[in-house]
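[1] Quick one, fold the following:
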Amino acid sequence: MISGMVKSIALRGCHNLIAELGGAPDRVARAAGIPASAFTDPDMSIDGAALASYFELAAMHCSTNDFGLRLARRQGLQILGPIWVLARSAGSVRDALSDICGHMGYFSSMVVIRLEDEGPNVALSYDLRVPGSVSTRQSVELGLASFCLELRSSLGPTWRPAAVQFRHAPPADLTAHRQVFGDMALFDQDRNALLLERTAAMRPMRDHNERAYRAMAASIRLQTPGEVPCDEVRVELAVRALLPSGRFDLPAVAAEIGVCSRTLQLRLKRRGASFQGIVDAVRIELAEKYLRHSRLSAAEIAELLHFADSSALSRFMRTKAGATPSEIRRGAALAALPATTAQISHGATPQALSGPVGVAGLRS
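    Model prediction:
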């Protein structure tokens, strides 16, 4: 599975924040494999896994577990450029969120967001196409905090979401999370998501401007690349979206994409891919992230990923990933031990910092 890409404007404010926290920004960038030019060219495409590594390394290097939340206060959704301008001039909060979901490909193929009605709430799910064991905690917290802070600018300073869900384990101190999200920050969940009341979602955007909205929508259509994601990526995105519901079989994914099952299978075969292979890759990635970065038991992870039981999950991981859940979890715990600020200071790579299991060793 290939990592998504993101515009380098996603680095805005990082250099100064690391410096203010007493860190060495250039050393963190080198350790994560981020080129120096990415900090001066906001339109450069950078690898999503490298960006996620950079945020995790920065948090560890600065001994700041809420690095993503701090960065959100500096960046906001302004880094989305014209997408943000479009959303700000939309008619309602829901329209603004829908526009961001629909045009995110202009900014990044790394970010996977989806808007759905769920009873009295509207849920904005937030996922990242970062394969393997690379931790995405800081990236996810940055993204959801940016949405929350932007919504507050339209819904009022006292507004808080109905709930915010994170796949990763909670930090020891929840003070910073409560300041941003309120008291309903939930961890070890089956998804990353922000939930807001439907009544709030229907409220008008503070800066609604129909004329500006139409002009920006036309401008984005001209600027957005004409090519659509390849079939493997479209299937991956659909599987990620449908997995929490348990309805991620071939007919459901084909319907989500808008083709029949046989057509989808043939398209994937022509590209040397298979539907089951893509589903397996997504489940492996999520299983590894849960095992390394959550407190969930193997049985709970098996339930979230829709395996029959923990034994089925163990057999699957041993066959597909080469290690059982207990082996992966032990490896993550061991890999966390040698990751020190001194190693970053000497320009160690993420792999060197976290041993054989990747950046997953950079835990809170």
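[2] contacting residues for residue 265?
    Listed by CB atoms under 8 Å, 6 or more residues apart in numbering, the contact set of residue 265 reads 250, 275. All C-beta spots, glycine's among them, are computed from the backbone N, C-alpha and C.
[3] again with the one 10 residues further on
    When contacts are counted by CB under 8 Å, 6+ apart, residue 275 touches 235, 250, 253, 264, 265, 268.
[4] any chance of those in TSV, with secondary structure too?
    Formatted as TSV, the contacts of residue 275 follow (DSSP: H, G, I helix; E, B strand; the rest coil):
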residue	secondary structure
235	helix
250	helix
253	helix
264	helix
265	helix
268	helix
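[5] Show the buried residues in the residues you listed.
    In terms of neighbour count (16 or more other CB atoms under 10 Å), the buried residues within the contacts of residue 275 are 235, 253, 264, 265, 268.
[6] give the contact list for the second one.
    By CB under 8 Å, 6+ apart, the residues touching residue 253 are 235, 238, 239, 242, 264, 275.
[7] ok, of those residues, which one's closest to residue 5?
    For the contacts of residue 253, the closest approach to residue 5 (CB to CB) belongs to residue 235, at 18.3 Å.
[8] just so I have it, where are all the strands in the stretch 151-300 of the chain?
    Counting by DSSP state E, counting those that start in this stretch, one finds strands in the stretch 151-300 of the chain at the ranges 163-165, 185-186, 193-197.
[9] strands paired with the first one, and their directions?
    By that I understand strand 163-165. Sheet pairing here is set by DSSP bridges, and for strand 163-165 it gives strand 185-186 (parallel), strand 193-197 (antiparallel).
[10] Of those, which is nearest residue 83?
    With CB to CB as the measure, strand 193-197 is the member of those nearest residue 83 (17.1 Å).
[11] thinking again about what came up before, save the contacts of residue 275 as TSV, and put in pLDDT too.
    Formatted as TSV, these follow (pLDDT from 0 to 100):
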residue	pLDDT
235	93
250	96
253	95
264	94
265	94
268	94
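[12] Farthest pair within the contacts of residue 253?
    Maximum distance among the contacts of residue 253 (CB to CB): 13.7 Å, for 242 and 264.
[13] OK, contacts around residue 126?
    The contact partners of residue 126, by CB under 8 Å, 6+ apart, come to 111, 112, 113, 140, 143, 144, 147, 192, 193, 194.
[14] Find the nearest non-adjacent residue to residue 91, please.
    Residue nearest to residue 91 in three dimensions, not counting chain neighbours: residue 208, with 5.6 Å by CB to CB, 6 or more residues apart in numbering.
[15] correct me, but the one you found touches residue 90?
    Yes: look at residue 208 against residue 90 with CB atoms under 8 Å: they come within range, at 6.7 Å.
[16] These two: which has the busier surroundings?
    For residue 208 versus residue 90, the count of surrounding residues by other CB atoms under 10 Å is larger for residue 90: 25 against 16.
[17] Any stretches of the stretch 251-364 of the chain with poor pLDDT?
    Residues of the stretch 251-364 of the chain meeting the criterion pLDDT under 70: 333-364.
[18] Where do the helices of it begin and end?
    261-270, 275-293, 298-304, 310-320, 325-336, 341-345, 350-354 (DSSP state H, counting those that start in this stretch).
[19] Could you tell me the end-to-end distance of stretch 85-98?
    By CA to CA, to the nearest Å, the extent of stretch 85-98 from end to end equals 13 Å.
[20] residue closest to the middle of this structure?
    Residue closest to the average C-alpha location in the chain (CA atoms, centre = their mean): residue 128, at 3.2 Å.
[21] Return the distance of that one relative to residue 144.
    11 Å (CB to CB, to the nearest Å).
[22] in a helix, that's where residue 127 is, yeah?
    No: secondary structure of residue 127 (three-state DSSP): strand, not part of a helix.
[23] who touches it in this structure?
    Shown in contact with residue 127 (CB under 8 Å, 6+ apart): 111, 112, 113, 191, 192, 240.
[24] any idea how far it lies from residue 104?
    With distances taken as CB to CB, residue 127 is found 11 Å from residue 104.
[25] so what's in contact with those two at the same time?
    Taking CB under 8 Å, 6+ apart as the contact rule, residue 127 and residue 104 both touch 111, 113.
[26] Regarding residue 40, what are the backbone dihedral angles?
    Taking degrees, to the nearest 10, you get phi -110, psi -20 for the backbone angles of residue 40.
[27] could we number from 29 for the rest of this?
    Renumbered: residue one is now 29, and that last one reads residue 68.
[28] Give me the pLDDT for it.
    Looking at residue 68, its pLDDT stands at 93.
[29] measure it to residue 40 for me?
    Applying CB to CB, the value for residue 68 to residue 40 is 11 Å.
[30] okay, those two: which has more neighbours?
    Per other CB under 10 Å, whichever of residue 68 and residue 40 has more neighbours is residue 40, with 16 against 10.
[31] can you pull the pLDDT of the more buried one?
    For residue 40, pLDDT reads 95.
[32] is it true that it touches residue 108?
    No: if you go by CB under 8 Å, residue 40 and residue 108 don't touch, sitting 11.2 Å apart.
[33] Find the nearest non-adjacent residue to the residue nearest to the centre of the chain, please.
    The shortest distance from residue 156 to any non-neighbouring residue, by CB to CB, 6+ apart, is to residue 164 (4.9 Å).
[34] Residue 158 is in contact with that neighbour, correct?
    Yes: with contacts counted by CB under 8 Å, residue 164 reaches residue 158, the gap being 5.4 Å.
[35] Specify which residue of the two has the higher count of neighbours.
    Just comparing residue 164 and residue 158: by other CB under 10 Å the higher neighbour count belongs to residue 164, 28 against 25.
[36] quick one: contacts of stretch 89-102?
    Contacting residues not belonging to stretch 89-102 are listed as 40-42, 44-46, 49-52, 55-56, 83, 86-87, 165-170, 173-174, 177, 199-201, 204-205, 208, 369, 372, 392 [CB under 8 Å, 6+ apart].
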